[in-house]
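J.: This is the structure alone, sequence omitted:
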């Protein structure tokens, strides 16, 4: 297998050899081996790249999917509720304090609610709630609202309350402790729960009318269970006169589903990574085994055991390293695509998985080089060279 | 001669065949397990989503407004309409009765607790805890233990009898729950602190001495309420058989545009299709049919979100399964390619002896087919075991494997093995026998 090229005139070769230090022989052997047998090398590298890419994508997903799912779970609404002790109203600055604890990044979304029982013209009792519509809209995605109030004295009316106070969507009057208020229905609210029997007003209008300040703040806190818990402790310290309680229905449901999904994904990721490692092992072992002639020639020319082993190990390690780097970037792309396809938000690249992918790739490559070498070492070079 | 070549090849190159066979087995096992898990994950996660509680509520059609603030109901308890308890087992008679995980009736009653200046009104809710019922030939139990899994009860384990294995009512978590035919009650933790009561104490309610069997913690309004067996609440209210509302927990299909259509405007065929799909809307429609004078509605907080979560998780598992299939196909191909590439000398020998390319290729393909079949069968069994193990350790339930999966998996194994071998076989056949025999290449 001779190679010809423009750089191989005797003079050029001689020049190069004079300049090149003798240690570069090792590097040259590595390079020539890769170039001369490029088809087999490319096949082995491809396997390496694919395996590293699949492993990267799975690890990236495993880390990021939990965060993605948590944002989905936040659509279930508040996971923490702050109420005044013994049913009293909260301090006037409670909401500001919760907002400041949440920080500008928006670790949590807080919505105030205040309640009063008013009477309709014909003496029926109805619960009226004061809230912040902009915030309530962000928190309670499941509220089916025909039109959100955007003008003064407009109210959001639960479907069941509407049949009592405003069956034909006409303006209506409510009284609270002798104080009347004239309201126009802006839209209908349907949730299938207690909200259907209530009337919602803007907090400031509600407070002007009834003088009742918020007694409940519902908070949707983002993050892992531990993060939510520490946030709740922080809130409890900030608001000593209030009860900060977890909404167990939401917290436990989320923990349950998330744990099961994580465990399934973990099992799947392990299987996929093992399979791709197997693929690398099969390909690289074949590749090294296939080069038993090189091995035999090197030994026949007097190369030491250490040098030959080192040569094949270095070759495999280089293969693993290059494969890991290429595969890592492809894997990040795959994970981002899966994120976009499934969660409509790309999975953020996690460079923290790179060391694992890199170390894993090199380790698998080394194992697949060492196994065939130990088998070949027992064989005389002459036998291999005779082609038996 | 042909079978002999193949047979001898397997006999003499057992090690290489074993390596390729292991690769195929593992690849097929992973593919089988992942497909089984991915096809079943929707159902499994759907069941897990039930831990969010009921997704449907049934109320009387002609109901008055609820006037409830902070868990205290201000509406006169006997006001408004009621459902009839006797109609409830019929929920099990709806078309989608297998999808109904459980239901709990609720009957709130306002009672007075304490004495003298400390006396105050609290809400007592009557419900089923884990009530045995039967409809037709079916026996089943239902109640808040199923529909409200986040309710926790702290109490002493009553009669001291040893727990019977496999019985929910005997598990440690069951301690403190009153029995549905008793006069025992649960007191919310907030209320219990205010009244300074603990499990085993008695509480005087409406002239009855009731034993507190446990302290209830829910993180919601019930923390300041009393929860009692339904029959007891009915006695206190003086309305036997009355139920204010029923919470139903059902397995549903994520809703789409079709689900939200009005059944009254549909043609009969379309309506049948709608009726026979487990949408939350169609289940609500069927509940209204079986319970007279009722209005069933989805609880949007639970029902609206579970569809998204479910489809996200299903989509994720589908993509991961594709990745697994891809990786196992590649592993099988790589193993086959390596196995064949190593046998160039044999090919050279065969060709030197006068075998045609076709004959050589046929031998290799026959060997590949044999390997794929053996590896496929072994891999399918291993994959089925793996899927079972995953199902049991993660979801505490079986992951069923459809028998139709077997031929499909086997076909995929054969195709992938052939595809993986094809390129290597082509190269091996094209190779000049002289070079191969001289050991160059």
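T.: Yep, it's here. Nothing here was measured: the structure is a model prediction, and the numbers come from that model. Numbers count the residues shown, from 1 in each chain, chains lettered A, B, ... in the order given.
J.: Start and end of stretch B:351-365, how far apart?
T.: For stretch B:351-365, the first and last residues are 16 Å from each other (Cα to Cα, to the nearest Å).
J.: Give me the buried stretch members for that stretch, please.
T.: Using 16 or more other Cβ atoms under 10 Å in any protein chain shown as the burial criterion, the residues of stretch B:351-365 that qualify are B:351, B:355, B:360, B:361, B:362, B:363, B:364. From N, CA and C alone the C-beta is placed, and that goes for glycine too.
J.: Switch those over to a markdown table; also include secondary structure, pLDDT and distance to residue A:334.
T.: Output for those, formatted as a markdown table (DSSP: H, G, I helix; E, B strand; the rest coil; pLDDT from 0 to 100; distance: Cβ to Cβ, whole Å):
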| residue | secondary structure | pLDDT | distance to residue A:334 |
| --- | --- | --- | --- |
| B:351 | helix | 83 | 42 |
| B:355 | coil | 82 | 44 |
| B:360 | helix | 84 | 38 |
| B:361 | helix | 86 | 35 |
| B:362 | helix | 87 | 38 |
| B:363 | helix | 85 | 38 |
| B:364 | helix | 85 | 33 |
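J.: Would you mind giving the residues you listed as JSON lines with distance to chain A added?
T.: Formatted as JSON lines, these follow (distance: Cβ to the nearest Cβ, whole Å):
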{"residue": "B:351", "distance to chain A": "16"}
{"residue": "B:355", "distance to chain A": "20"}
{"residue": "B:360", "distance to chain A": "19"}
{"residue": "B:361", "distance to chain A": "20"}
{"residue": "B:362", "distance to chain A": "23"}
{"residue": "B:363", "distance to chain A": "20"}
{"residue": "B:364", "distance to chain A": "16"}
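J.: Just name the closest of the residues you listed to residue A:351, please.
T.: Taking Cβ to Cβ as the measure, residue A:351 sits nearest to residue B:364 out of those, at 44.4 Å.
J.: Pretty sure that closest one sits against residue B:423.
T.: No. Using Cβ atoms under 8 Å, residue B:364 is not in contact with residue B:423, being 11.7 Å away.
J.: What's the local residue count around residue A:207?
T.: 15 (other Cβ atoms under 10 Å in any protein chain shown).
J.: what about the helix or strand hosting it, distance to the chain center?
T.: Residue A:207 belongs to helix A:203-210 when elements are defined using DSSP states H and E. Put simply, helix A:203-210 sits 42 Å off its chain's centre (Cα atoms, centre = their mean, to the nearest Å).
J.: Can you classify residue B:409 as helix, strand or coil?
T.: helix (DSSP: H, G, I helix; E, B strand; the rest coil).
J.: residue contacts, it?
T.: By Cβ atoms under 8 Å, 6 or more residues apart in numbering or on different chains, the contact set of residue B:409 is B:28, B:31, B:32, B:35, B:376, B:379, B:380, B:383.
J.: And residue A:106, by the same measure?
T.: So residue A:106 contacts residue A:222 (Cβ under 8 Å, 6+ apart).
J.: So it lies in a helix, does it not?
T.: No. Counting by three-state DSSP, one finds residue A:106 to be coil, located in no helix.
J.: Quick check: pLDDT value at it.
T.: Predicted confidence (pLDDT) for residue A:106: 72.
J.: about what we covered before: what residues sit buried inside the helix holding residue A:207?
T.: A:203, A:205, A:206, A:209, A:210.
J.: hang on, the second one packs against residue A:153?
T.: What it means is residue A:205. Yes. Using Cβ under 8 Å, residue A:205 is in contact with residue A:153, at 6.7 Å.
J.: ok, back up a step: select from the contacts of residue B:409 every entry located in helices.
T.: B:28, B:31, B:32, B:35, B:376, B:379, B:380, B:383 (DSSP state H).
J.: need those in JSON lines with distance to residue A:381 and pLDDT, can you?
T.: Output for these, formatted as JSON lines (distance: Cβ to Cβ, whole Å; pLDDT from 0 to 100):
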{"residue": "B:28", "distance to residue A:381": "39", "pLDDT": "89"}
{"residue": "B:31", "distance to residue A:381": "42", "pLDDT": "88"}
{"residue": "B:32", "distance to residue A:381": "44", "pLDDT": "90"}
{"residue": "B:35", "distance to residue A:381": "48", "pLDDT": "89"}
{"residue": "B:376", "distance to residue A:381": "40", "pLDDT": "91"}
{"residue": "B:379", "distance to residue A:381": "39", "pLDDT": "92"}
{"residue": "B:380", "distance to residue A:381": "44", "pLDDT": "93"}
{"residue": "B:383", "distance to residue A:381": "43", "pLDDT": "92"}
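J.: Lovely, talk soon.
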